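S.K.: fold the following and give me the result.
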Amino acid sequence: MEDVRILLVDDERLVRRSMEKTLLRAGFDVDTAENVSEGLELFQEALADEEDGPFDIAILDLNMPNFEGVDDPDAGLKLLTKLLEVDADLPVVVLTAFDEVTRAKEAVARGARAYFVKGREAGLIELVNDILDVE
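M.R.: Residues are numbered from 1 along each chain as shown. Okay, the predicted model is just below:
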């Protein structure tokens, strides 16, 4: 499992740190970004990284500042679109608050593999393992 590379993009520092710790404890290699621009940059760097290679899965918050730095409830969708334009096979999980499930379903319709309601980190490990078919 240590070979599984995860890109985690969320603008909420405490949420991002909590999920990062959970994923690291499960044995994943996690790179974090606090906004869509930083997330896209990490993604592009990973594609060119001959040693570690590209990310195996991306986990993106829906609601965060967009590429212009303005709060945008669809910033995660915009990043999702950019990532899938480059790597159509990249599994993406979108993070959502409990009251945003309808928008999360829209993300799945746009190519995300799944959505995950924040605050239940233990279930995130199971979801990532299921998507990547890790035992």
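
S.K.: what is the burial count for the residue lying closest to Thr22 once chain neighbours are set aside?
M.R.: Nearest residue to Thr22, sequence neighbours excluded (CB to CB, 6 or more residues apart in numbering): Glu121, at 4.0 Å. From N, CA and C alone the C-beta is placed, and that goes for glycine too. Neighbourhood size, Glu121 [other CB atoms under 10 Å]: 17.

S.K.: residues in contact with Glu121?
M.R.: Listed by CB atoms under 8 Å, 6 or more residues apart in numbering, the contact set of Glu121 reads 18-19, 22.

S.K.: kindly report the same for Thr96.
M.R.: Shown in contact with Thr96 (CB under 8 Å, 6+ apart): 61-62, 103-104, 115-118.

S.K.: change it to 7 Å
M.R.: When the contact criterion is CB atoms under 7 Å, 6 or more residues apart in numbering, the partners of Thr96 are 62, 103-104, 115, 117-118.

S.K.: so what's it bridging to?
M.R.: Val117 (DSSP bridges).

S.K.: please renumber the chain so that the first residue is 3 from this point on.
M.R.: Renumbered: residue one is now 3, and that last one reads Thr98.

S.K.: are any of the contacts of Glu123 buried, and which?
M.R.: Buried subset of the contacts of Glu123 (neighbour count, 16 or more other CB atoms under 10 Å): 21, 24.

S.K.: now, the contacts of Glu123 that are in helices?
M.R.: Mapping the contacts of Glu123 onto helices (DSSP state H) picks out 20-21, 24.

S.K.: quick one: low-confidence parts of this protein?
M.R.: By pLDDT under 70, the low-scoring segments of the chain are 3-4, 100-102, 136-137.

S.K.: which residue ranges of it form helices?
M.R.: In the chain, the helices defined using DSSP H lie at 15-27, 38-50, 77-88, 103-111, 123-134.

S.K.: go through these and name the closest to Ile59.
M.R.: The closest of these to Ile59 is helix 123-134. By CB to CB, the value is 6.1 Å.
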